[in-house]
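K.L.:
Structure of the sequence below:
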Amino acid sequence: MRAWQAAAMRQYLETSPKDFLVVATPGAGKTTFALSVAKELLERRVVDRLVIVAPTEHLKVQWAAAAAKVNIPIDPAYAAGQGRTSKEYVGIAVTYAGVAVNPLAMRIRTERFRTLVILDELHHAGDAMSWGEGVLEAFGPASRRLALTGTPFRSDVNPIPFVTYAPGGDGVPRSVADFTYGYQHALADHVVRPVMFLAYSGEMQWRTRAGDEVAARLGEPLTKDMTAHALRTALDPQGSWMPSVLEAADKRLSEVRRHVPDAGGLVIATDQDSARAYAKLLKQISGESVTVVLSDEKAASKRISEFAEGDSRWMVAVRMVSEGVDVPRLAVGVWATTTSTPLFFAQAVGRFVRARKRGETASVFLPSVPRLLEFASELEVQRDHVLGRKITDEDDIFAAEEDMLARANASETASAEELGTFESLGSAAVFDRVLYDGGEFGHEGEVSVGSEEEMDFLGIPGLLDADQVRDLLQTRQSERAQKKRAAAASRPAGETAPRVEATAHEQLAVLRRELNGLVAAWNHRTGQPHGVTHAALRRDCGGPPAAVATAEQLRSRIDRIRDWADERRSG
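P.N.:
Got it, this is the predicted structure:
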């Protein structure tokens with residue numbers, strides 16, 4: 001056993017508590033700890049039966065497989081109300097949703113035997129009121145309850161069953177764990193990998209419900225609506241941003257696989273259509289088939305298991321590969337979902353941190369959304385469940401959209417009416433910065449995708465200790481600053497830096513920004529909607545929407561709207 005597992009085990013056996021809550025970072029080995037406790041209690045005849053409650057169907061199977069390795073036979077196919085199971089089984093595995101369907105049947109089963117209940121990722125008991133009530137009713141009579149979580153709890157008005165609360169420094173009740181093993185401790189013990197976040201920004205253009213064409217830069221201070229629209233535009237597989245980021249992620253994966261041959265990558269998508277489109281792009285980029293996981297079904301579990309046991313490069317999933325799913329070889333991730341809660345972020349990043357051998361590192365590619373960058377810089381922060389404040393849509397800029405997409409994922413994909421009239425017009429990616437160990441690197445200026453400067457960070461070796469990663473990032477940062485100072489010192493006094501010829505997409509981005517600025521100014525003067533102005537310019541000058549117009553067409557429209565402004569002033 002790992003040191004933390006042995007320490008937690010000693011504390012548990014010495015105190016013999018009815019309820020015990022363990023908060024341990026994803027990848028630390030909570031399953032191994034819990035099954036060790038179960039085996040000890042069964043052998044000592046403290047308990048006779050075991051019930052494991054997990055968030056998903058896939059995790060039930062995963063728990064049963066892990067239990068079999070320590071000779072604890074578990075039935076993962078048990079359904080509430082089913083009654084007896086085969087005498088060969090010592091316990092069952094169920095989901096929180098399954099418990100809520102018939103908590104009385106589970107209570108009767110729990111009362112019949114001295115039962116240990118393992119509540120995996122206990123915070124899910126707060127996902128729905130019926131889930132929490134079901135858990136409370138079903139397992140109230142249990143002899144022992146062992147609760148596990150590896151992700152931050154949320155704020156809520158309802159206490160999670162079997163959790164102890166105590167007033168915090170501000171007087172607000174917070175959950176109290178019996179044993180805590182955080183990310184920083186696990187990193188120091190080489191139990192988890194260090195995580196390097198590579199953030200990408202860029203120019204986004206979209207058409208709003210009102211018909212206005214809007215341009216904004218991902219990562220700049222924007223309103224909630226504009227941030228949400230800019231992110232949706234970036235994640236559109238038909239634009240340029242996602243293909244550029246996927247190509248960068250594949251380059252990073254190739255570098256890691258030089259040192260770790262079976263390293264794999266995971267793209268976390270928002271919806272099923274996007275997942276299929278990302279898989280198609282990755283196949284074109286990597287030249288290999290991509291595993292696609294669309295829903296939490298038996299076939300999906302099989303695909304995850306096959307990917308985990310193989311050595312193929314990429315898997316794309318719609319959210320479900322986010323918590324508890326054990327694919328230790330995952331080393332590179334791409335955040336391609338509009339979900340932005342701290343809970344989901346910690347769950348998702350947890351898929352990449354499980355260490356197999358010393359020196360493995362994890363790399364997660366993010367859009368430069370301030371909320372996500374904040375989560376990345378505070379990876380090690382422990383968040384408890386807070387009572388007294390209900391999370392509302394105001395706490396998550398994408399909450400309403402997530403609800404729509406969650407409903408849509410139950411079928412195929414959201415209708416245009418449900419998601420609101422929104423049209424992505426174009427996007428371009430640029431490398432923004434690296435976030436690592438609370439620091440930022442490479443953010444002094446814009447770095448083009450595919451440039452040598454970008455490769456300075458994508459090409460970091462795949463086998464480095466946490467300190468070595470930090471030292472290398474600092475070295476790259478220092479070398480970059482030295483090059484800039486040397487270039488400035490070599491120029492004669494008073495001479496400005498030579499103009500670097502912009503690439504085609506950079507020229508177009510500048511022209512589009514200028515045009516959109518003029519359209520916004522025209523709207524301020526006349527009250528005419530942006531979309532109407534863009535349409536009038538297209539009628540006068542010809543050509544397609546601004547997002548796909550040529551430089552000549554954009555210059556023509558810029559000249560035309562300036563003529564309008566001159567005519568208005570002279571009139």
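
K.L.:
first vs last residue of stretch 10-22, how far apart are they?
P.N.:
Taking Cα to Cα, to the nearest Å as the measure, stretch 10-22 stretches 13 Å from start to finish.

K.L.:
quick one: contacts of it?
P.N.:
8, 30, 33-34, 37, 40, 122, 143-149, 162-164, 175-181 (Cβ atoms under 8 Å, 6 or more residues apart in numbering). All C-beta atoms are positioned from the backbone trio N, CA, C, and that covers glycine.

K.L.:
Could I get the buried residue list for that stretch?
P.N.:
Tyr12, Asp19, Phe20, Leu21, Val22 (16 or more other Cβ atoms under 10 Å).

K.L.:
try stretch 247-267
P.N.:
247-257, 260, 263-267.

K.L.:
Helices of the stretch 401-550 of the chain, start to end?
P.N.:
Using DSSP state H, counting those that start in this stretch, the helices found in the stretch 401-550 of the chain span residues 416-419, 452-458, 466-489, 504-526, 530-541.

K.L.:
would TSV of those with mean pLDDT be doable?
P.N.:
Shown next, in TSV, are the helices of the stretch 401-550 of the chain (pLDDT from 0 to 100):
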stretch	mean pLDDT
helix 416-419	40
helix 452-458	86
helix 466-489	75
helix 504-526	73
helix 530-541	83
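
K.L.:
And those: which comes nearest Asn71?
P.N.:
With Cβ to Cβ as the measure, helix 466-489 is the member of these nearest Asn71 (36.2 Å).

K.L.:
Inside helices: which ones of the buried residues of stretch 10-22?
P.N.:
Tyr12 (DSSP state H).

K.L.:
still on that earlier bit, just the buried members of the contacts of stretch 10-22?
P.N.:
8, 30, 33-34, 37, 122, 143-149, 162-163, 175, 177-181.

K.L.:
Keep only those of the residues you listed that are in helices.
P.N.:
Per DSSP H, the buried ones among the contacts of stretch 10-22 map to helices at Ala8, Lys30, Phe33, Ala34, Val37.

K.L.:
out of the residues you listed, which one sits closest to Ile304?
P.N.:
Using Cβ to Cβ, those come closest to Ile304 at Lys30, 18.8 Å.

K.L.:
my read: that closest one touches Thr151, true?
P.N.:
No. With contacts counted by Cβ atoms under 8 Å, Lys30 stays clear of Thr151, the gap being 11.0 Å.

K.L.:
Give me the phi and psi for the closest residue to Ala234 other than its chain neighbours.
P.N.:
Spatially, and ignoring its direct neighbours in sequence, Ala234 is nearest to Trp241 (4.4 Å; Cβ to Cβ, 6 or more residues apart in numbering). Dihedral angles phi and psi of Trp241 (degrees, to the nearest 10) take the values phi -70, psi -50.

K.L.:
if we can go back for a sec, need the helices of the stretch 401-550 of the chain in a markdown table (columns: distance to Arg354 and mean neighbour count).
P.N.:
As requested, these are exported to a markdown table (distance: least, Cβ to Cβ, whole Å; neighbours: other Cβ atoms under 10 Å):
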| stretch | distance to Arg354 | mean neighbour count |
| --- | --- | --- |
| helix 416-419 | 35 | 11 |
| helix 452-458 | 22 | 18 |
| helix 466-489 | 15 | 14 |
| helix 504-526 | 38 | 17 |
| helix 530-541 | 48 | 17 |
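
K.L.:
which one of these lies closest to Asp48?
P.N.:
Nearest of the helices of the stretch 401-550 of the chain (Cβ to Cβ): helix 466-489, 44.3 Å.

K.L.:
What lies in contact with the helix or strand that contains Ala230?
P.N.:
Counting by DSSP states H and E, the element that carries Ala230 is helix 224-234. If you take Cβ under 8 Å, 6+ apart as the criterion, helix 224-234 is touched by 202, 204-206, 208, 214, 216-218, 222, 239, 241-242, 338, 367, 369-370, 397-398, 401, 422, 424-427, 429.

K.L.:
now stretch 449-458
P.N.:
Taking Cβ under 8 Å, 6+ apart as the rule, stretch 449-458 contacts 198, 200, 244, 247-248, 251-252, 255, 429-431, 434, 441-442, 447-448, 473, 476, 480.

K.L.:
so of those residues, which ones are in strands?
P.N.:
Leu198, Tyr200, Val430, Phe431, Val434, Phe441, Val447, Ser448 (DSSP state E).

K.L.:
May I have the phi/psi pair for Thr339?
P.N.:
Dihedral angles phi and psi of Thr339 (degrees, to the nearest 10) take the values phi -60, psi 140.

K.L.:
Kindly report the domain assignment for the chain.
P.N.:
3-188, 195-486, 504-570 (automatic domain parsing).
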